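> just the structure for this:
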Amino acid sequence: MAKKANSLFKSMARYVIIFIALIIITFWLIFKDQDIGGVFQALTKVNYWYILLGILLMMGYFLTQAQNVRKILASFGEHITIWKSLKFTMIEFFFCALTPGASGGQPVEIYYMAKEKIPASKATLAVLVQILDFQIAVMAIGIVSQAIMWFTNPDLLTGTVAWLLRIGMIINGVALIILAFCVFSNRIAKMIVNWALKLLKKIGVKKIEEKRASLDKSLDSYQEGAVYIRTHRKDFLLSIGRALLQVTLFYMIPFCVYKSFGLTGMTMIQLFTIQSVLFLATSGLPLPGAIGASESVFLTLYGAAFGEQLLSPAMLLNRGISFYLFVLVTMIVVMANAIMLKRKEFTQSPEKDN
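This is a model prediction of the structure:
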């Protein structure tokens, strides 16, 4: 376990370096031809009550996911406090932010759940069901949002944004289908895994066969998810409802930023649907935290809402509230949790007892 932890933090250090480099490149490209003084002057004039509301919405996003994971675990007979579940959720967010395509968050979350005596099989299933809920919510809201935008802002669904949106819909749709297959059809899931492994082998990826057994074992354990959904239909529908609330809270943050500048003219629904499209267009890209893509697409989609003078400050505020601020907050949580676990292991070690 200690070796896994050391490997984890070595990987984290590499990802942090890449993460910081991407931030520097992104903001240099965006602001190299802009009046930085004017941007910061605009930021000093915002209504900070709306900024606080945006931060509270983001906290609501975390708490809703934490409650979802907690309730799912409770249905498996594992009872944890909301604060412990919130800690796991924040750890997941941090590692999702650092890794390409948000691929690292869930494995690390399961790892820390197991460290705190939650059986790995139950932790995996809880996280799997939560991801399935989230994907259903993102796709459902995304489809409705696109339909609304075709009637209200059709000009925004053109050019690069249109292509990114199609790619995002395909990636998120495929992810949802694979998750559903993993839960409901062991045979089809294994077929997909076998096809993927053969493809990886053909393109030169080594030690593929060594991974087959562990993947098959994981897929077998996921079948318990199908049993969970069949026997806890009401709980599953409630978990989807919580995921819908979680996504809704996140998509409302641009409206808080909009009102913080004292702007009027666009409704909350309009800003909400734009954010939904933005998330779908960028969430599937293999970039840590969609850095670069989210900022660029924001500047494209929200131009009419904020105008030329306030667009860049608005982008800074929106990404600051919904991403960068909580990368810092969750980093502190990760570090504090690592220190606490180290102390716990030290006090319980045989050498200490002797």
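> could you check how far the closest residue to residue 317 other than its chain neighbours is from residue 238?
Of all residues beyond its chain neighbours, the one nearest residue 317 is residue 257 (4.8 Å), with distances taken as Cβ to Cβ, 6 or more residues apart in numbering. Backbone N, C-alpha and C define where each C-beta goes, glycine included. Distance of residue 257 to residue 238, given as Cβ to Cβ, to the nearest Å: 31 Å.
> could you do residue 18 as well?
38 Å.
> now do residue 335
For residue 335, the distance to residue 238 (Cβ to Cβ) stands at 34 Å.
> more neighbours, those two?
residue 238 (15 against 12; other Cβ atoms under 10 Å).
> wait, that one sits on residue 71?
Yes - between residue 238 and residue 71 there is a contact under Cβ atoms under 8 Å: 7.3 Å.
> just checking, what packs against whichever helix or strand residue 246 is part of?
Assigned by DSSP states H and E, residue 246 belongs to helix 233-251. Using 3 or more Cβ pairs under 8 Å, 6 or more residues apart in numbering; DSSP states H and E as the contact test, the elements touching helix 233-251 are helix 48-75, helix 120-152, helix 268-283.
> give the other helices and strands that the first one contacts.
When you say that, I think you mean helix 48-75. Counting contacts by 3+ Cβ pairs under 8 Å, 6+ apart, helix 48-75 packs against helix 82-98, helix 120-152, helix 233-251, helix 253-260, helix 325-348.
> after the longest one, next one along is what?
Using DSSP H and E, the next helix or strand after helix 120-152 towards the C-terminus is helix 159-184.
> list the buried ones in that following helix?
Buried residues in helix 159-184, counted by 16 or more other Cβ atoms under 10 Å: 161, 164-165, 168-169, 171-173, 175-176, 178-183.
> and for residue 142, the neighbour number?
Using other Cβ under 10 Å, residue 142 has 24 other residues around it.
> repeat that for residue 53.
Using other Cβ under 10 Å: residue 53 sits among 19 other residues.
> equivalent analysis for the one 5 residues further on, please.
By the other Cβ under 10 Å criterion, the neighbourhood of residue 58 contains 21 residues.
> what's the answer for the one 5 residues further on, then?
The burial count assigned to residue 63 is 17, neighbours taken as other Cβ under 10 Å.
> show me where pLDDT drops low in the stretch 151-300 of the chain?
Applying pLDDT under 70 to the stretch 151-300 of the chain flags the ranges 182-226.
> so residue 17 lies in a helix, does it not?
Yes - assessed with DSSP: H, G, I helix; E, B strand; the rest coil, residue 17 lies in a helix.
> quick one: which of the buried residues of helix 159-184 is nearest residue 130?
Proximity of the buried residues of helix 159-184 to residue 130 (Cβ to Cβ) peaks at residue 179, which lies at 10.6 Å.
> once you drop chain neighbours, what's closest to the closest one?
residue 132 (4.8 Å).
> just residue 29 next, same as before
Closest to residue 29 by Cβ to Cβ, 6+ apart is residue 292, at 7.9 Å.
> show me where pLDDT drops low in the stretch 1-150 of the chain?
Within the stretch 1-150 of the chain, the stretches with pLDDT under 70 are 1-12.
> now stretch 47-60, how far from the chain's geometric center?
19 Å (Cα atoms, centre = their mean, to the nearest Å).
> list the buried residues in it.
50-51, 53-55, 57-58, 60.
> how about residue 240, nearest residue that isn't a chain neighbour?
Nearest to residue 240 is residue 133, by Cβ to Cβ, 6+ apart, at 5.1 Å.
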